[in-house]
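Undergrad: Sequence below, structure please.
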Amino acid sequence: MTIHENYSLRKLNTFGFDVRAARFGEIRSAEEIPLFLEKFYRQEEPLLILGGGSNLLFTRDFPGTVLRISLGGITLVEEGEKEVVVSAGAGVIWDDFVAYCVSNGWGGLENLSLIPGLVGSTPIQNIGAYGMEAGETVREVRYTEMETGRQQVISGTQCRFGYRNSIFKHELKEKTIVTEVVFNLIPKKATEAREGLKLDYGHIRKELEIMGVSDPGIREVREAVCRIRRSKLPDPAVTGNAGSFFKNPVVTAEKADTLRSGYDCMPSFADPNGIKIPAAWLIEQCGWKGKRFGDAGVHINQPLVLVNYGQATGQQILQLSEQIRRSVLDKFGITLESEVVII
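TA: The predicted structure is shown next:
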């Protein structure tokens, strides 16, 4: 594997920032990882494991080594009457994987269509959308220990998935390189019987009505989700962004009741830890939707998405996010937490 110096990351982050890494390497086979760690890994030097770059905000050049994981391959492990087991390399494009599963009639991922990024990032971030989280389907995650170079396997239960959270953000943070993810999916016979569909979150049912679909299957649900996302969210290939910039905050029931007394139209959803309030609604109520400051702005259709209209810097996007955070705190007494990783 070749290590490049002073390497541009412009095409490797969806904000499109022209930042550089002091060193850059790309892993194309799992066998290369121990060799890389033995030759180049130094704990005292910064190391960034890079997937699709769709959840990163670079505010500066990276002073260490950026390692891109490009492990491909999709494998049908087992197909039974009750479940289908499918594995995918960490470098597989997530939406390509979802499309592959849907085309084979395997259900469980269709609501997560068109989310940018790679398979290897899904168990770390526990990506979610339209009433579904990836962690619900993860059977196991295979990874390499950075300190020892040994291959390890952890079950989905051991990953301790939560809202945009997992063990990879805690005990295993910056200690592992995910190489493969194995999923439990719904078999074709069950999906043809319309089992396991989740249609009641967001505008999926409404979009299906617009499509003229009265008896949807997973293919129609995927199409509906893609149509909704394309209508609301900017394409990173056209306008730089990292999707949802903030997490949806979870507050106590008492806090939610207090807010409803002043905002009876406030949307909210039950959560195991309290009441979840859409961050997009909070931001819009503070007047940020569609605001633009030079080339840094808030998307006109989705205030949860901060965008680079061309020449914005990571620092400018960060400053904008801090202004939004302060205004939401002042107005609602709620502190927004970033979903993107700030570097």
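
Undergrad: Show me the residue at the heart of this structure, geometrically.
TA: Nearest to the mean C-alpha position of the chain, by Cα atoms, centre = their mean, lies Ile127 at 4.3 Å.

Undergrad: residue contacts, that one?
TA: For Ile127, the contact set (Cβ atoms under 8 Å, 6 or more residues apart in numbering) comprises 94, 112, 115, 117, 121, 133-134, 164. All C-beta spots, glycine's among them, are computed from the backbone N, C-alpha and C.

Undergrad: Make JSON lines out of those residues and add distance to Thr14.
TA: Output for the contacts of Ile127, formatted as JSON lines (distance: Cβ to Cβ, whole Å):
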{"residue": "Trp94", "distance to Thr14": "13"}
{"residue": "Leu112", "distance to Thr14": "17"}
{"residue": "Ile115", "distance to Thr14": "12"}
{"residue": "Gly117", "distance to Thr14": "9"}
{"residue": "Ser121", "distance to Thr14": "12"}
{"residue": "Glu133", "distance to Thr14": "21"}
{"residue": "Ala134", "distance to Thr14": "18"}
{"residue": "Arg164", "distance to Thr14": "17"}
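
Undergrad: Among those residues, which lie within strands?
TA: Of the contacts of Ile127, the ones assigned to strands by DSSP state E are Glu133.

Undergrad: And the strands in the stretch 1-150 of the chain?
TA: All strands of the stretch 1-150 of the chain, identified by DSSP state E, counting those that start in this stretch, fall at 4-8, 20-27, 47-50, 56-57, 62-69, 74-79, 84-89, 128-129, 132-133, 138-145.

Undergrad: before we move on, back to that, quick check: the residue nearest to the centre of the chain vs Val213, distance?
TA: Applying Cβ to Cβ, to the nearest Å, the value for Ile127 to Val213 is 25 Å.

Undergrad: Report the buried residues of the helix or strand hosting Glu322.
TA: Using DSSP states H and E, Glu322 falls within helix 314-332. Going by neighbour count (16 or more other Cβ atoms under 10 Å), the buried part of helix 314-332 is 314, 316-318, 320-321, 324-325, 327-328, 332.

Undergrad: could I get these as JSON lines with distance to Ala280 and pLDDT?
TA: JSON lines is the format used below for the buried residues of helix 314-332 (distance: Cβ to Cβ, whole Å; pLDDT from 0 to 100):
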{"residue": "Gly314", "distance to Ala280": "22", "pLDDT": "97"}
{"residue": "Gln316", "distance to Ala280": "21", "pLDDT": "98"}
{"residue": "Ile317", "distance to Ala280": "17", "pLDDT": "98"}
{"residue": "Leu318", "distance to Ala280": "19", "pLDDT": "98"}
{"residue": "Leu320", "distance to Ala280": "15", "pLDDT": "98"}
{"residue": "Ser321", "distance to Ala280": "14", "pLDDT": "98"}
{"residue": "Ile324", "distance to Ala280": "11", "pLDDT": "98"}
{"residue": "Arg325", "distance to Ala280": "14", "pLDDT": "98"}
{"residue": "Ser327", "distance to Ala280": "14", "pLDDT": "98"}
{"residue": "Val328", "distance to Ala280": "11", "pLDDT": "98"}
{"residue": "Phe332", "distance to Ala280": "13", "pLDDT": "96"}
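
Undergrad: Can you name the element that comes right after the longest strand seen in the chain?
TA: In the chain, with assignment by DSSP E, the single longest strand is strand 176-185. Counting by DSSP H and E, the next helix or strand C-terminal to strand 176-185 is helix 188-192.
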